[in-house]
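S.K.: Could you work out the structure for the sequence below:
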Amino acid sequence: MGRRIRVQRKGPGGIFKAHNKHRKGPAKFRPIDFGERHGYLKGLVKDIIHDPGRGAPLAIVEFRCPYKYKKLKSTMIACEGMHTGQFVYCGKKAHMQIGNVLPVGELPEGTAICNVEEKVGDRGRLARTSGNYATVIAHNPDTKKTRIRLPSGAKKVVQSHNRAMIGIVAGGGRTDKPMLKAGRAYHKYKAKRNSWPRVRGVAMNPVEHPHGGGNHQHIGHPSTVSRSACPGQKIGLIAARRTGRIRGGKPEKKSKEESV
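M.R.: Next up, the predicted model:
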């Protein structure tokens, strides 16, 4: 009987869990309250820090508590152009400025936004990675919903009350620089989780993987597998409708100018 394959071992977690010992904490908006819903709150960017395992820098923003005589600190994702000593305004009546947090329904069409709430009050879920942003496409005042374009290109409809930060997430171009050597990849993924190096299945022994074994590296059987296959077999192209390259395609229509 073969061993449990890597996919089976990753399920329960264990050694594959995220390394969060040195993390600085969750990056979220401040909890929504009466002040943000009807006016605005003023915050001060105290520091911009690095969070191990995260590509985007974080901003420590200090707010004055609206109910008690004390100050509250929030850890937010920093956007491009944010700096220490900058004032950040959060609320419905805040003005348009890089780093301010407003409901998406208050923003004009074409605005670049980041850290968008998926549901009202979840404190930011979409467009959070370095260099990414979403775009406001259209508003529907009747249903109080807003259509946005996500970094993947997909379009999503969210509530107009959902908050978002104006601007692009800082740290863009981080992945453009090549790693050049394995040692840098080692330290990168050491801060994230145990997901490197990733050994190919055909390079393993037959006891460790369904694709392993043989006098040369080959799978030896079709790489497609049934949706109802048992966990030890579920590797490769799971429930694939088709395989291989898409050859041919629709011919391009020539314009009238080219035909002339």
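S.K.: Residue 148 looks like it's in a helix, true?
M.R.: No. Residue 148: not assigned to a helix; according to DSSP: H, G, I helix; E, B strand; the rest coil it is strand.
S.K.: That one is in contact with residue 118, isn't it?
M.R.: No. Assessed by C-beta atoms under 8 Å, residue 148 is found out of contact with residue 118, at 10.5 Å. C-beta: built from backbone N, CA, C; applies to glycine.
S.K.: Give me the common contacts of those two.
M.R.: 126, 158 (C-beta atoms under 8 Å, 6 or more residues apart in numbering).
S.K.: Poorly predicted segments of this structure, please.
M.R.: 249-260 (pLDDT under 70).
S.K.: Show me which strand runs longest in it.
M.R.: Criterion DSSP state E: the longest strand present in the chain is strand 41-49.
S.K.: what about the strands in the chain?
M.R.: Secondary structure of the chain (DSSP E): strands at 41-49, 58-64, 71-77, 87-90, 101-103, 112-114, 134-140, 145-149, 155-159, 163-166, 224-225, 237-238.
S.K.: Just the buried positions in the fourth one, please.
M.R.: Spelled out, it's strand 87-90. By 16 or more other C-beta atoms under 10 Å, the buried positions in strand 87-90 come out as 88-90.
S.K.: sorry, back to before: can you list the helices and strands that the longest strand of the chain packs against?
M.R.: Secondary-structure packing of strand 41-49 (3 or more C-beta pairs under 8 Å, 6 or more residues apart in numbering; DSSP states H and E): strand 58-64, strand 87-90.
S.K.: Turn these into CSV, columns for distance to residue 162.
M.R.: As requested, those are exported to CSV (distance: least, C-beta to C-beta, whole Å):
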stretch, distance to residue 162
strand 58-64, 19
strand 87-90, 13
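S.K.: Which one of these lies nearest to residue 247?
M.R.: The closest of those to residue 247 is strand 58-64. By C-beta to C-beta, the value is 47.0 Å.
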